[in-house]
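1. what shape does this take:
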Amino acid sequence: MSSFVPLSHSTHKSAGWNLISSYSFASGDALAPVSFAEISQLLPRYTTAFYRANPSDPLQLVAIQGLVPGQNLFVTSRGQWLGGYVPAVYRGYPFRMLPVQESDKLALCIDEDSPNFKAQLDEESQTLFSAEGELSELASRVKDFLMAQHHERAKTESLISLLDEYGVIQPWHIKIDGLPESIEPHSGLYHISETKLKDLTAEQVQVLNLRGALGLAYAQLLSEHRMQELSRLFDLHARHAQENADASDLDLEKVFGDAEDDLFRF
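-> Have a look, this model is predicted:
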């Protein structure tokens, strides 16, 4: 469980946090919200899709990290991230920008239930506030990093909305050959219909291109072949589990290829 509360000097002047050394907090995330700004880093590793949990929710761009809900194949039992790019949404942990009640503003919040949060500073902790009551330099960098994520996701949602308006986003019922029948597919996923995309008028294609949405559409389509590699990663995890081996020694270069640099690194 998480318990995000707004940072305040009066409450957290003696508190701190530890930098990420384990991604166990993300081990149950089969889907990760991402932005179009990350797409060049995501394509070598992840299948992307559009997702809405409820019919009233806006579609969002996500990276698929597991074949079933509650499963993140990129996190080992020791909390290590397997290879390559870590989606930006995880690198600000245990912080998050959340709306202020009855306001259009966002507040920097921290998860007080996180093991990375320290109610009292220790030798390994990072400070949250300076002696003058201002955010520490590192905490300010985290805030800037999270605000960049927020703005990029808002831009991405605008592009998705345009694609949806043009009718090229369709429900995606994923089927992977060779997987056990006991594995239930994801629900609530959508993808670009190549047929619908080809049926657009020249004027519509031009609008999508000028707005940047056409690039997002093709990037999502190009990422779909990674589902077979995710299936192979699923099999490798299962084999290591049978052999009581740790998944951290999986050779992901044989599955995904070369690693990529991080984006929005703070």
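2. hang on, Glu112 packs against Val5?
-> Yes. Between Glu112 and Val5 there is a contact at 5.7 Å, judged by C-beta atoms under 8 Å. Quick note: C-beta positions are derived from backbone N, CA and C, even for glycine.
3. where do the strands of the protein begin and end?
-> Ranges of strands within the chain are 4-6, 16-17, 31-33, 47-51, 60-64, 95-99, 106-111, 117-118, 126-127, 169-171, 189-192, based on DSSP state E.
4. can you put those in TSV and add mean pLDDT?
-> Shown next, in TSV, are these (pLDDT from 0 to 100):
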stretch	mean pLDDT
strand 4-6	94
strand 16-17	96
strand 31-33	97
strand 47-51	97
strand 60-64	97
strand 95-99	94
strand 106-111	96
strand 117-118	96
strand 126-127	96
strand 169-171	96
strand 189-192	96
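5. now the ones you listed in CSV, with distance to Asn72 and mean neighbour count?
-> Putting these into CSV (distance: least, C-beta to C-beta, whole Å; neighbours: other C-beta atoms under 10 Å) gives the following:
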stretch, distance to Asn72, mean neighbour count
strand 4-6, 20, 16
strand 16-17, 22, 23
strand 31-33, 8, 19
strand 47-51, 14, 23
strand 60-64, 10, 23
strand 95-99, 18, 17
strand 106-111, 18, 20
strand 117-118, 21, 18
strand 126-127, 25, 17
strand 169-171, 23, 16
strand 189-192, 16, 20
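6. need these in a markdown table with distance to Ser223, can you?
-> What follows is the strands of the chain, written out as a markdown table (distance: least, C-beta to C-beta, whole Å):
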| stretch | distance to Ser223 |
| --- | --- |
| strand 4-6 | 30 |
| strand 16-17 | 33 |
| strand 31-33 | 13 |
| strand 47-51 | 4 |
| strand 60-64 | 9 |
| strand 95-99 | 26 |
| strand 106-111 | 29 |
| strand 117-118 | 34 |
| strand 126-127 | 35 |
| strand 169-171 | 14 |
| strand 189-192 | 9 |
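7. which of the ones you listed sits closest to Ala202?
-> Proximity of the strands of the chain to Ala202 was assessed by C-beta to C-beta; the nearest stretch is strand 189-192, lying at 18.3 Å.
8. relative to Thr48, how far out is Met227?
-> Remark: distance between Met227 and Thr48 (C-beta to C-beta, to the nearest Å) = 11 Å.
9. which residues are in contact with each of these two?
-> Taking C-beta atoms under 8 Å, 6 or more residues apart in numbering as the contact rule, Met227 and Thr48 both touch Ile64.
10. got the contact list for stretch 96-113?
-> The contact list for stretch 96-113, computed with C-beta under 8 Å, 6+ apart, reads 1-7, 12, 17, 93-95, 117, 119, 128, 135, 139, 142-143, 146-147, 149-150.
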